[in-house]
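S.K.: Got a predicted structure here, sequence first:
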Amino acid sequence: MYELGALLSMISCHPSSILLLEGDLGAGKTTLAQGFIQTASGGSTQVTSPTYLLCNTYPYLCEEGEEDTEKLIVDPKDEATEPLLIHHMDLYRLSGTPQELSPLNLPHVFQHHVSLIEWPQRMAGTTMLPKQHLTVRLNIISEGKNESSNNNEHQPRKVQLIPHGKEWEKRVQSVIPYMEDWISREGDDVS
């Protein structure tokens, strides 16, 4: 999942890139986010799970030519610039009420930054989510072994990339050739 996260980071260096990470406990959502963030931040950032903090932020370094430079976004209201950030959120502990989601400042984050959201189904009752986003669904493929095992690390996964909007359809199409190679090496399934 780390390698998939790294690959997805290469097509997400745009303000308002939103990736929803769905899957059971242990399916690899946080590992995918770690690969994404490590790659996007230049590899020097320690990435931790935001389960208890709800959101961790990291700088996003975008490649321009041969140099990595921090991409700035401009807020047209006040003409101030701010660095492009990755907001890694874990909504597992929330019920999804607007009051609980309010401290995350989602309208601003969705418009100006990159979002990785674990347990996005907690937002199901809200209208905050923009129409343009990518759903990454991860499922552990059971091989009939000890199903109660907590060690899912080496079990194969089914990965579904579900683009919402034309821009995400183009981005997903651009990475499929790389994913097919990765799948043949790792034994995972993608659709």
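M.R.: Good, I have the coordinates. Numbering: from 1, shown residues only.

S.K.: so who does the closest residue to Leu4 other than its chain neighbours touch?
M.R.: Nearest residue to Leu4 in three dimensions, chain neighbours excluded: Leu32, at 5.7 Å (Cβ to Cβ, 6 or more residues apart in numbering). To be clear about C-beta, it is placed using only N, CA and C from the backbone, and glycine gets the same treatment. Taking Cβ atoms under 8 Å, 6 or more residues apart in numbering as the criterion, Leu32 is in contact with 1-2, 4-5, 8, 21, 136, 138.

S.K.: A strand includes Leu7, no?
M.R.: No - secondary structure of Leu7 (DSSP: H, G, I helix; E, B strand; the rest coil): helix, not part of a strand.

S.K.: how about the helices in this structure?
M.R.: 2-9, 29-40, 98-101, 106-112, 166-186 (DSSP state H).

S.K.: mind checking which of those helices is nearest Leu85?
M.R.: Within the helices of the chain, the stretch nearest Leu85 is helix 106-112; the backing value is 8.3 Å (Cβ to Cβ).

S.K.: Lowest average confidence across helices and strands of this structure, where is it?
M.R.: Here the helix or strand of the chain ranked lowest by mean pLDDT, DSSP states H and E is strand 67-70, holding a mean of 37.

S.K.: quick one, which of the helices of the chain is nearest to His88?
M.R.: Counting by Cβ to Cβ, His88 lies closest to helix 29-40 out of the helices of the chain; the figure is 5.3 Å.

S.K.: quick one, the closest one and helix 2-9 angle?
M.R.: 50 degrees (axes from the mean of the first three to the mean of the last three Cα atoms, to 10 degrees).
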